[in-house]
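In: From the sequence below, what's the structure:
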Amino acid sequence: MFDLPSWLLVFPVLGFLIFIHEMGHFLTAKWFGITVKEFGFGFPPRLVGVRFSPGGTIYSINWIPLGGFVRMVGEHGEGIEEGKYVRQKPDKNVILIRGRHNYPDFYGLFAVPRDASQEDIRRSYVELVELINLREPERRDRMLHTLQIAYSELSNPEKRAAYDELIKNVKMEPADPPDYYGLLEVAPNATQQEIDDGYAELVDLINKKNPDNRAGMLRYAEHAHSVVSDPESRESYDRRLRSVVPQEVSFASQSAWKRTIVLLAGSFVNLIFPVIVFAVMFALPHDVPSGRVVITAVAPNSPAEQAGLTSGDAIVAVNGSQLDTHADLMQETMSNLGSPTELTIQRGVFIGNPPAPQPTSGSHEIAILVPRVDPPELRVVERVVDPTSEVSLADARRYQSSLQIGDTMRQGAMGVMIGTYDTRLVERDYSIFQAVPMSFQQMWKVLTLTQSSISRWASGGPDPGLSGPVGIARVTGQVAESGISPLLQLTAIISISLGIVNLLPIPALDGGRLMFVLLEFLRGGKPISPRYEGMAHLVGFVVLIGLIVVVSYFDILRLINGDSVIP
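Out: As a prediction, this is how the structure comes out:
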C-alpha cells in the first residue's frame with residue numbers, strides 16, 4: 001500500500017496531531033489579543049519564516065517535522081521579574097505623563113519637558129522614588145514598578161522619539177503645560193466601563209494631588225478620555241500606537257480564566273478530533289465483521305463460572321451493546337472492570353471439539369458478573385495446596401488443553417476463552433444524526449479503557465503498555481499495512497492519549513501550567529514567582545525527556561528480541 005517503510009507514517013501522524021494541538025493554543029491566544037511571537041510547523045532549526053506585518057507573528061516551517069509550537073510573550077515567565085509591569089492585568093496598564101514633581105500613581109502620570117536632558121530625567125526619577133517611599137508605603141512596590149517602566153521608556157532615545165511621533169500623529173496636545181509628553185495607554189480589548197473607571201479614578205487623583213495644575217490636567221485627561229471612548233478615534237489611536245510603539249500583550253498578564261482557556265485549548269482540539277474521525281467513519285459505507293462470540297472454555301472459580309456460563313454459550317450483548325467480534329467483548333469488558341456487568345447469553349449455541357453449531361430456540365438469558373481488575377495467575381500443579389495461587393492439572397486443561405504441570409494459567413477479567421464463529425463482512429453506514437452520538441460513545445469507551453488501565457497499573461496491576469516514539473512508530477507501521485481505516489482509528493486513539501497526557505499536572509505540560517494558574521487563584525490572585533515556575537517547568541521537561549529515553553530504550557530491546565513493542 002505504501003512505497004516507503006510504513007513505520008515512517010509516524011512522522012505525519014504525530015506531526016499532524018501535535019500541530020493541531022498547538023493550533024488550539026494559537027487561535028485562543030490570538031482571540032484574547034496575546035502577542036504570539038512565532039507559530040511554527042515542525043521544530044527548529046527554522047527552514048523558512050514569514051511575517052505579514054511589522055512586529056507581527058512569524059509563521060515558520062522548521063526542519064524537524066514533528067508537530068509545531070506557539071511562542072507567546074510571557075508564556076514561560078522568560079524575561080519577567082516578579083511584580084513587573086507585564087504581570088499586571090491589561091485593563092490596569094494605564095500610564096499617563098505628569099509633572100516631574102508630582103509622584104506617580106498606578107493610574108498616574110509621569111512627564112519631563114521635551115527638552116529635558118538625561119540628567120534631568122534621572123534627577124526627576126530619584127525625587128519621585130523618595131516621594132513614593134515617604135508618602136505611599138502601602139502602595140510602594142506597585143508604584144515603583146510603574147515608575148521604573150516609565151523611566152526606562154523615557155531614558156531610551158529611540159523610544160522617546162517614538163513617543164514624540166505618536167503624540168504628533170494622534171494630536172494629543174496637553175493643555176498645561178504645552179510641552180509635556182502626553183500618552184494614554186489602554187489595552188486594545190478594554191471595555192468602556194474599564195476606561196470610564198480609570199478616567200474617574202484619574203480625575204479623583206488630579207483633584208486631590210494636583211490642585212495647582214488641576215484645570216490644565218483635567219482638560220488633558222478629558223481629551224484623552226474622549227479619544228479612547230470614541231470608536232473611530234480609538235481604532236485610529238490603536239492602529240498608530242501599534243505602528244509607532246508596538247505593544248506586546250503578555251500571556252502572563254491575562255486573567256486566570258483566559259490563561260486557563262488558552263492552556264486547555266490544545267487538549268480540547270486533540271479530544272474533539274477523534275470525535276470527528278469516528279463520526280466520518282461511521283457515516284461512510286464501511287465493512288464490519290459480524291459473527292457469534294462464543295465461549296470455548298471457562299476457568300475454574302472465575303466470575304464466568306460463578307455466573308453459570310459454560311462452554312458453547314454465545315455472548316450476544318454486554319450491558320445492552322451488541323457484540324459482533326471478540327474485540328467488541330474485550331472493549332466492553334475493559335470498560336466495566338470492577339463493576340457489575342450484564343451479559344445477554346444464548347445457551348448451547350456450539351457443542352463439541354471442534355465446536356459444532358446446535359439448533360437453538362433463539363431465547364436469551366441474562367447473566368451478571370463482575371470482571372476482575374487484577375485476574376489471578378495460577379501455577380498448574382498435580383495436587384492443589386493453596387487454591388489462591390494453584391490450580392489442578394485437570395481443571396487447567398479444561399480451560400486450556402496445552403497446559404502442563406509447572407505452567408502458569410493466566411486468566412482474563414471474566415475467566416473465559418472466546419472464539420468467533422460464522423464471521424462475515426457486513427456493509428454498514430449511518431446517518432450523521434446516528435454517527436455523531438456513536439462517535440461520542442466510541443470516544444467514551446476509549447477514555448474509560450485508558451482510565452481503567454492506568455488505575456490498575458497505579459494499584460499494582462499489570463503494565464498498561466507504555467510506548468515511546470519507537471514503539472508508536474512500529475505500531476503505526478503495522479496498523480497502516482491493514483489499510484487506511486485502521487490507521488485513522490489509531491490516529492484518533494493517539495490523539496486522545498496526547499490530549500489526556502498533556503492535562504496531567506506535570507510541570508512543562510499544559511496540566512502543569514494549569515496547576516500554577518490554580519495555585520495563583522488559591523493565593524488570592526498572587527502569582528508564583530516566574531523564576532520558580534520556570535525552574536519547575538525546566539525540571540519537568542528534563543524528567544519527561546528522561547522518561548521518553550527510558551521507554552524508547554525498552555522499545556528497542558523488545559524489537560531486538562523480536563517481541564511486540566506493546567508490553
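In: Strands along the stretch 351-500 of the chain, start to end?
Out: Ranges of strands within the stretch 351-500 of the chain are 356-357, 365-369, 377-381, 390-392, 408-410, 416-428, based on DSSP state E, counting those that start in this stretch.
In: The ones you listed: which one's closest to Tyr199?
Out: Proximity to Tyr199 (C-beta to C-beta) singles out strand 416-428 among the strands of the stretch 351-500 of the chain, at 65.0 Å. All C-beta spots, glycine's among them, are computed from the backbone N, C-alpha and C.
In: In its sheet, which strands sit next to that closest one, and in what direction?
Out: Next to strand 416-428 in the sheet, as set by DSSP bridges, lie strand 286-298 (antiparallel).
In: hmm, who's touching the strand it pairs with?
Out: 304-305, 309-316, 323-326, 328-329, 349-350, 355, 398-400, 415-429, 485 (C-beta atoms under 8 Å, 6 or more residues apart in numbering).
In: so Glu427 makes contact with Leu284?
Out: No: the pair Glu427 / Leu284 is not scored as a contact, 10.6 Å apart, by C-beta atoms under 8 Å.
In: Neighbour count: the two, which is higher?
Out: Neighbour count, other C-beta atoms under 10 Å: between Glu427 and Leu284, Leu284 has more, with 12 against 8.
In: list the contacts for the more buried one?
Out: With C-beta under 8 Å, 6+ apart, Leu284 has these contacts: Asp429.
In: Tell me the spacing between it and Thr35.
Out: Here Leu284 is placed at a distance of 42 Å from Thr35 (C-beta to C-beta, to the nearest Å).
In: again with Arg424
Out: From Arg424 across to Thr35, the span is 59 Å (C-beta to C-beta).
In: who has more neighbours, these two?
Out: Using other C-beta under 10 Å, the more surrounded residue of Arg424 and Thr35 is Thr35, with 20 against 10.
In: Pro44 versus that one, what's the distance?
Out: 19 Å.
In: Quick one: mean pLDDT for stretch 277-293?
Out: Stretch 277-293 carries an average pLDDT of 81.
In: Can I take it that Leu343 is in a helix?
Out: No: counting by DSSP: H, G, I helix; E, B strand; the rest coil, Leu343 is not found in a helix; it is strand.
In: That one touches Ala314, doesn't it?
Out: No: in this structure, Leu343 is not within contact of Ala314 by C-beta under 8 Å, at 10.3 Å.
In: who are the neighbours in contact with the closest residue to Val275 other than its chain neighbours?
Out: Once flanking residues are discounted, Val275 sits nearest to Ser439: 4.8 Å by C-beta to C-beta, 6 or more residues apart in numbering. Ser439 sits next to 274-279, 282 when contact means C-beta under 8 Å, 6+ apart.
In: again, 10 Å this time
Out: Shown in contact with Ser439 (C-beta atoms under 10 Å, 6 or more residues apart in numbering): 274-283, 430, 492.
In: buried ones in the longest helix along the chain?
Out: Longest helix in the chain, counting residues (DSSP state H): helix 530-560. Going by neighbour count (16 or more other C-beta atoms under 10 Å), the buried part of helix 530-560 is 530, 533-534, 536-537, 540, 544, 551-552, 554-555, 558.
In: Over to stretch 473-490?
Out: 473-480, 487-490.
In: and what of stretch 382-390?
Out: Under 16+ other C-beta under 10 Å, the buried positions of stretch 382-390 are 384, 390.
In: And the contacts of that stretch?
Out: Residues contacting stretch 382-390 (C-beta under 10 Å, 6+ apart): 300-301, 376-381, 391-396, 405-406, 409.
In: got any ranges where the stretch 251-400 of the chain has weak pLDDT?
Out: Scanning the stretch 251-400 of the chain for pLDDT under 70 picks out the ranges 349-363.
In: how about a markdown table for the strands of the stretch 351-500 of the chain, with distance to Phe52 added?
Out: As requested, the strands of the stretch 351-500 of the chain are arranged in a markdown table below (distance: least, C-beta to C-beta, whole Å):
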| stretch | distance to Phe52 |
| --- | --- |
| strand 356-357 | 69 |
| strand 365-369 | 62 |
| strand 377-381 | 62 |
| strand 390-392 | 71 |
| strand 408-410 | 60 |
| strand 416-428 | 47 |
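In: Out of these, which one sits most buried?
Out: Ranked by mean neighbour count, those are led by strand 390-392 with a mean of 20 (mean count of other C-beta atoms under 10 Å).
In: List the pairing partners of that strand within its sheet, with orientation.
Out: strand 377-381 (parallel).
In: Between the strands of the stretch 351-500 of the chain, which one is closest to Phe69.
Out: Closest among the strands of the stretch 351-500 of the chain, using C-beta to C-beta: strand 416-428, at 40.6 Å.
In: okay, the closest one in CSV with CA atoms only?
Out: Presented in CSV, the C-alpha positions along strand 416-428 are these (Å, rounded to 0.1, in the frame of the first residue of the first chain):
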residue,chain,number,x,y,z
VAL,A,416,-13.3,-17.3,29.7
MET,A,417,-11.7,-18.2,26.4
ILE,A,418,-13.5,-16.9,23.4
GLY,A,419,-13.9,-17.8,19.7
THR,A,420,-15.8,-16.1,16.9
TYR,A,421,-17.9,-18.2,14.5
ASP,A,422,-20.0,-17.6,11.5
THR,A,423,-17.9,-14.4,10.8
ARG,A,424,-18.8,-12.4,7.7
LEU,A,425,-18.3,-8.9,6.5
VAL,A,426,-21.4,-6.7,6.5
GLU,A,427,-21.5,-3.2,4.9
ARG,A,428,-23.0,-0.6,7.1
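In: what's the angle from it to strand 365-369?
Out: 120 degrees (axes from the mean of the first three to the mean of the last three C-alpha atoms, to 10 degrees).
In: Gly308 falls within a strand, correct?
Out: No: under three-state DSSP, Gly308 falls outside any strand and is assigned coil.
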